[in-house]
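Asker: Okay, sequence plus prediction incoming.
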Amino acid sequence: MKRDSTPPDDANKIRCPRLGHQITFSYCRRENYGLPCFRTMECWYPHFLVEDYLRKELSPEEWDKAFTCSDKTKTASLVELIEQAKERTRKSPDTGG
C-alpha cells in the first residue's frame, strides 16, 4: 500500500498514548491550543506521511511552537502553570483576603 500525505478521515482512530483511548487525527491536529499535539508525528507516522502534511499546513513559527518547544518535562510545565496562576491571583483586584 502506498502511503501519501493525505490525513485519514474521522472514521479512522488510533489509541492515544497520552489519553489512553481512541482518537482521530483531526483531534491530534488541533489538540495543543489549535496546534498539533507534540506526539502527532510519532503516533500517526505509520498511517500516512504526517510530517509532509504538517509542514505544508503549518507556518515555520507554528511548527516550532508545536514541535521544537515541546521538550519541557511535565514537572517544568506544572511549575510554569502554577507560577502563571500565582501571577493572575496577584493581579486580580480583590481576592477576598
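Answerer: Noted; the coordinates are in hand.

Asker: tell me the SS of the residue most central in space within the chain?
Answerer: Ranked by distance to the mean C-alpha position of the chain (Cα atoms, centre = their mean), the top residue is Cys37 at 1.8 Å. When classified by DSSP: H, G, I helix; E, B strand; the rest coil, Cys37 comes out as coil.

Asker: Now it: closest residue in space, sequence neighbours ignored.
Answerer: Glu31 (4.2 Å; Cβ to Cβ, 6 or more residues apart in numbering). From N, CA and C alone the C-beta is placed, and that goes for glycine too.

Asker: What are the contacting residues of whichever helix or strand Cys28 is part of?
Answerer: Per DSSP states H and E, Cys28 falls inside helix 25-30. By Cβ atoms under 8 Å, 6 or more residues apart in numbering, the surrounding residues in contact with helix 25-30 are 7-8, 10, 12, 16, 36-37, 39-40, 43-44, 47, 50.

Asker: now, which of those sits nearest Lys74?
Answerer: Arg39 (13.3 Å; Cβ to Cβ).

Asker: Is it correct that that closest one is in contact with Arg18?
Answerer: Yes: if you go by Cβ atoms under 8 Å, Arg39 and Arg18 touch, sitting 6.6 Å apart.

Asker: Neighbour count: the two, which is higher?
Answerer: Arg39 (16 against 12; other Cβ atoms under 10 Å).

Asker: contacting residues around the more buried one?
Answerer: Contacts of Arg39 (Cβ under 8 Å, 6+ apart): 17-18, 28.

Asker: Asn32 versus that one, what's the distance?
Answerer: 10 Å (Cβ to Cβ, to the nearest Å).

Asker: cool, Asp9 as well?
Answerer: For Asp9, the distance to Asn32 - Cβ to Cβ - is 21 Å.

Asker: Looking only at neighbour counts, state which of these two leads.
Answerer: Set Asp9 next to Asn32 and count neighbours by other Cβ under 10 Å: Asn32 wins out with 17 against 9.

Asker: how about that one, phi and psi?
Answerer: Asn32 adopts backbone torsions of phi -100, psi 70, taken as degrees, to the nearest 10.
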